[in-house]
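**Student:** Structure, please.
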Amino acid sequence: MAADAVVSAVLEKLTSIALDEIEKEVRRVINVRGEVNKLSSNFQAIKAVLEDAERQQLEKGKASVRDWLDKLKDVSYDIDNALDEWSTAILKSKLEPKPKVCSFVPSPSYCFNRWKLRLKIEHKIQALNKRLDVIANERDSYGFQVLSSEKPKRDETTSFVNVAEVKGRVEDKERIVNMLLNEGRAEEIGSEIQMISIVGIGGIGKTTLAKLAFNNEEVKSHFELKLWVCVSDTFNEMRIAKDMLKSVIGNADDIEKLDNLQDVLQKLKTSIEGKKFLLVLDDVWTEEYGKWDQLKHVLLSNGSQGSKILVTTCNEMVARSMGCKLFKVRQLSEEEGWSLFSQIAFFGRSNDDCRSLEEIAREIAKKCKGLPLALKTLGGLMRWKKSIIEWKSVLESEVWEFEEAAEGLFRPLLFSYFDLPPHLRQCFLYCGIFPKDYVIEKKMLIELWMAQGFLKGTQDVEMVGENNFNDLSMRFLFQDFEMDENGGIIKCKMHDMVHDFVMFLTRGECLTMGSSSSNQCSNGRTRHSFLMVQTEENIAIQTCTENLHTLLIESNGRNPISDIELLKLFDKLKCLKILKCSNSRIKKCPKQIGKLIHLRHLDLSKNKKLKELPEAVCDLYNLLILDIGGCCRLERLPHRMGNLVNLLHLRNEGTALNFMPKGLEKLTSLKTLNVFVVTHKGAALSDLGNLNHLCGTLSIRGLRSVRDEIVGDTNPIVWAGPSWIPPLANLKNIEIINCGVEHLPPLGKLPSLESLRVRSMWKVKNVGVEFLGIEMSLSTSSSSVVAFPNLKTLKFDGVEEWEEWEEWDYGSRGEIMPRLSSLTIQSCPKLKKLPDYSLQNTTLQELKIYYSSDALISNLFKKDCKPHISRISNMDVEGEKGTSL
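**Tutor:** Prediction:
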């Protein structure tokens, strides 16, 4: 990971110690306070020069600097682990009952263990400080400088282009030219001067495309003035305005003498006034709209109608902040890529040589995935390769392993990388854990970032992750997006060259491996591993480095980990923060899992043979995500689940759970809980009262009676307004299954509820106004109400004693289910009539009735119901014996 981000994260922990519970412990340990201050001081001094160190090892390839940064990251990770261990011990002491000699005196063994912990931390921090001292002293020998905030110098571009060398951009060029020549209408474009931005990843050909359009003969004759300005580095208004003036009037010496922006802008205004101009701003990076504001005002106010500004940028947010219409550059097709690659790689070769190398050459070209810079760089590399053996070596190797290719190929991407703030660099580099061409689920990626501690901020951390993902997407570091029905991104990929770039930067810190690979985790500094199981053989866990922070195992139902190997894994990988063993045929989870105290994300989902979780899972006090979904034989949760106070997501759909313990009300940060099981000696429905952040889907099971579910609570729950209704306000989907209560809860109050399923409620005979969440006082008053404001799907299944669904004549006082689109009644043999309000909604598009009474169906086709029924486009009804009517 980026050294700057790692150091920043540790420094943040160190500087916040004074505000934490750890401060109380620090005061009790001799010398630790001084040692912590010394750590902070050393890190502050090192952090100041980290940007220079990063650039030296990346841009100048200094191996010694890379080794120094690796050592710095190693000690930073170790310090982070030590602080994590300390804070975990403190949290444990607060949650676990303290053994006492009598009612108010702690036992001697407890006090001794606390003293041992403090002493252990003291020795550990002292040892880490010694290591950091060595690194800090080495820093001085490299002569690192404290750099300004300016970005690294980029090559300046010009408008000249060799058209013969450009492949596959004819159609794109014509589209840009048409956009430039099209006068448009002011009301469509928002002003008399239209701004267009060519956007795409570094090396995709944005500048080349702009040059082709700029030098087009029609474009030349269409505009009175044509200006080309290479912006590149920091957006400097004075320099850019002067460059514009030079393009218009020449006299470079006179222009350089001007030292007042107002004078420069005045001359620029006079020079372009009333003229139709084309301005190209190439390689723009800044998102600070204010820096562009003054220039934009002069240009838009004085150029004649039909003037155009063409911007190229690697960052979509830059284009949007400037108010541009976007043109996203596509990758070259396979044949277009081959044409460009072969033109360079086969230059000067005989026809016989070309024919003998063509098959290998085409495969090498495919590796570039249509990225012009990669095709040109690799083509240039291959021009000097003589033998087939050399060509095969390149084909079978990663691009970043060839220094001469990496230098040219990765230079534009380095500019994008250094443009990222440290927290985004860390998130970006972590994506190196995925193999090439892997479909990355956005939600999963954000949760992995969260579990690694990459997401900081005062707002919801998952929203921070969403913003980080969007920032990286805007910079075209992700591609091939898969959208949901609302246009939101749910999946993506990384371009192969971007993946190569990440691997070049991380140098083995992220590693993808196969179960039969001979070099699994061979790098002692590997922190994040993705294991793709190809065969039935077991993983050799002993080959995994003990420094691993992430282990993702993708097995597709094969058997990658035996019980013995799983035990070895827990004994060895003590630094793990993320462990994903989904669909791995795990039969038993060893109690040694409790040793993985740093664990934040544990995924045991789809292990269909797993029957129980050990109590030791409840020792994972830092756990944020526990996924046991699809463990279809898992029947119980451990008794001390209430210890997992940091838990955000408990995914337990598709399990056989029939018992959930007491104490779940302590999980006040919980956002996801798919299934809630009420039992006599376990969880009670009232436990939901503290879970204020629940959202998504919740299935409630096991209610037998109101009295049964509130064991130990002297206050009976009143369905009309139970304490657990407000915490469910964010839920979109609810199922109530196999419950022995006589009345349905007031779910009509839930503002976000979109889908409701009621199944196997054998005591319900009447569904009345209480189901709508409308108190009787309101039902007779003039107050306006909306029940089930967002409900779209409603299904009743197996409510066998249900006889009446009451009407409510709300008139103009409110609405009931105004967005309902699908209603299903199945196996409700005693229900005879649907209320008018369920059929009168014009939004109802689907009505399905199966295995219900003939009387119910007959009532549907009575005269007063026919106008409502005729509007329903999808209707399927069957009588009591399954016969269609």
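
**Student:** Need the contact partners of stretch 237-254.
**Tutor:** Stretch 237-254 has contacts (C-beta atoms under 8 Å, 6 or more residues apart in numbering) with 225-231, 255-256, 258, 261, 264-265, 267-268, 271-272, 279, 281, 291-292, 294-295. Quick note: C-beta positions are derived from backbone N, CA and C, even for glycine.

**Student:** run the last query once more with 10 Å
**Tutor:** Counting contacts by C-beta atoms under 10 Å, 6 or more residues apart in numbering, the residues outside stretch 237-254 that touch it are 159, 225-231, 233, 236, 255-261, 263-265, 267-268, 270-272, 275, 277, 279-281, 284, 290-295, 298-299.

**Student:** now the residues you listed: which count as buried?
**Tutor:** 159, 225-231, 233, 255, 258, 264-265, 267-268, 271-272, 277, 279-281, 284, 292, 295, 298-299 (16 or more other C-beta atoms under 10 Å).

**Student:** out of those residues, which are inside helices?
**Tutor:** 255, 264-265, 267-268, 271-272, 292, 295, 298-299 (DSSP state H).

**Student:** Of the residues you listed, which is the nearest to Ala616?
**Tutor:** Trp292 (57.8 Å; C-beta to C-beta).

**Student:** any idea how far the closest one is from Val318?
**Tutor:** In this view, Trp292 and Val318 are 9 Å apart by C-beta to C-beta, to the nearest Å.

**Student:** again, but for Asp70
**Tutor:** Asp70 sits 34 Å away from Val318, taking C-beta to C-beta as the criterion.

**Student:** Looking at those two, which one has more neighbours?
**Tutor:** Val318 (25 against 16; other C-beta atoms under 10 Å).

**Student:** Heading C-terminal from the helix or strand that contains the more buried one, find the next helix or strand.
**Tutor:** Assigned by DSSP states H and E, Val318 falls within helix 316-321. Using DSSP H and E, the next helix or strand after helix 316-321 towards the C-terminus is strand 325-328.

**Student:** What helices and strands are in contact with that following strand?
**Tutor:** helix 170-181, strand 194-199, helix 206-214, strand 308-313, helix 316-321 (3 or more C-beta pairs under 10 Å, 6 or more residues apart in numbering; DSSP states H and E).

**Student:** same thing but 7 Å
**Tutor:** On a contact count with 3 or more C-beta pairs under 7 Å, 6 or more residues apart in numbering; DSSP states H and E, strand 325-328 meets strand 194-199.

**Student:** Sheet partners, orientation included, of the strand it packs on?
**Tutor:** Using DSSP bridges, the strands paired with strand 194-199 are strand 308-313 (parallel), strand 325-328 (parallel).

**Student:** Just say which of these is most tucked in.
**Tutor:** Between the strands paired with strand 194-199, strand 308-313 has the highest mean count of neighbours, a mean of 26, where neighbours are mean count of other C-beta atoms under 10 Å.

**Student:** so how far is that one off the chain centroid?
**Tutor:** Chain-centre distance of strand 308-313: 30 Å, with C-alpha atoms, centre = their mean, to the nearest Å.

**Student:** Which residues does that strand contact?
**Tutor:** With contacts defined as C-beta atoms under 7 Å, 6 or more residues apart in numbering, strand 308-313 is touched by 180, 193-199, 206-207, 210, 278-285, 299, 319, 322, 324.

**Student:** burial count for Leu694?
**Tutor:** With other C-beta under 10 Å as criterion, Leu694 counts 19.

**Student:** Ok, the one 3 residues further on next?
**Tutor:** Residue neighbour count, defined by other C-beta under 10 Å, stands at 17 for Thr697.

**Student:** Can you give the strand pairings for the helix or strand where it lies, parallel or anti for each?
**Tutor:** Thr697 belongs to strand 695-701 when assigned by DSSP H and E. Each strand paired with strand 695-701, and its direction, by DSSP bridges: strand 675-677 (parallel), strand 730-737 (parallel).

**Student:** Please compute how far the first one lies from its chain's middle.
**Tutor:** Read it as strand 675-677. For strand 675-677, the distance to the chain centre is 27 Å (C-alpha atoms, centre = their mean).

**Student:** Averaged pLDDT, that strand. What do you get?
**Tutor:** Regarding strand 675-677, the rounded mean pLDDT is 93.

**Student:** ranges for the strands of the stretch 551-700 of the chain?
**Tutor:** Using DSSP state E, counting those that start in this stretch, the strands of the stretch 551-700 of the chain run over residues 578-580, 601-603, 625-627, 649-651, 672-673, 675-677, 695-701.

**Student:** Name the surrounding residues that touch stretch 293-305.
**Tutor:** Taking C-beta under 7 Å, 6+ apart as the rule, stretch 293-305 contacts 183, 191-193, 237, 240-241, 265, 268-269, 272-277, 279, 309.

**Student:** Sorry, wrong one. I was asking about stretch 269-276.
**Tutor:** By C-beta under 7 Å, 6+ apart, the residues outside stretch 269-276 that reach it are 223-225, 245, 248-249, 298, 302-304, 306-307.

**Student:** at 8 Å instead, please
**Tutor:** 222-225, 245, 248-249, 298-299, 301-307.

**Student:** pLDDT weak spots in the stretch 101-250 of the chain?
**Tutor:** Scanning the stretch 101-250 of the chain with the threshold set as pLDDT under 70 gives 101-118, 147-157, 161, 183-192, 233.

**Student:** Next: the stretch 401-550 of the chain.
**Tutor:** Across the stretch 401-550 of the chain (using pLDDT under 70), the flagged ranges come out as 401-405, 514-523, 534-543.

**Student:** same question, the stretch 551-700 of the chain
**Tutor:** Residues of the stretch 551-700 of the chain meeting the criterion pLDDT under 70: 557-561.

**Student:** can you give me the helices for it?
**Tutor:** Using DSSP state H, counting those that start in this stretch, the helices found in the stretch 551-700 of the chain span residues 563-572.

**Student:** Run through the residues that contact the residue lying closest to Leu278 once chain neighbours are set aside.
**Tutor:** Nearest residue to Leu278 in three dimensions, chain neighbours excluded: Phe223, at 4.3 Å (C-beta to C-beta, 6 or more residues apart in numbering). Contacts for Phe223 (C-beta under 8 Å, 6+ apart) come out as 276-278, 307-308.

**Student:** any chance of the residues you listed in TSV, plus pLDDT?
**Tutor:** TSV is the format used below for those (pLDDT from 0 to 100):
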residue	pLDDT
Lys276	92
Phe277	92
Leu278	94
Ser307	92
Lys308	93
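
**Student:** sorry, back to before: looking at the ones in helices among the buried ones among the contacts of stretch 237-254, which two lie furthest apart in space?
**Tutor:** Pairwise distances across those (C-beta to C-beta) peak at 20.4 Å, for the pair Ile255 and Trp292.

**Student:** give me the element the residue most central in space within the chain is part of.
**Tutor:** The centre of the chain sits closest to Ile446, judged by C-alpha atoms, centre = their mean, with a distance of 3.0 Å. In this assignment (DSSP H and E), Ile446 forms part of helix 442-452.

**Student:** in that helix, what's buried?
**Tutor:** Buried residues in helix 442-452, defined by neighbour count with 16+ other C-beta under 10 Å: 442, 445-452.
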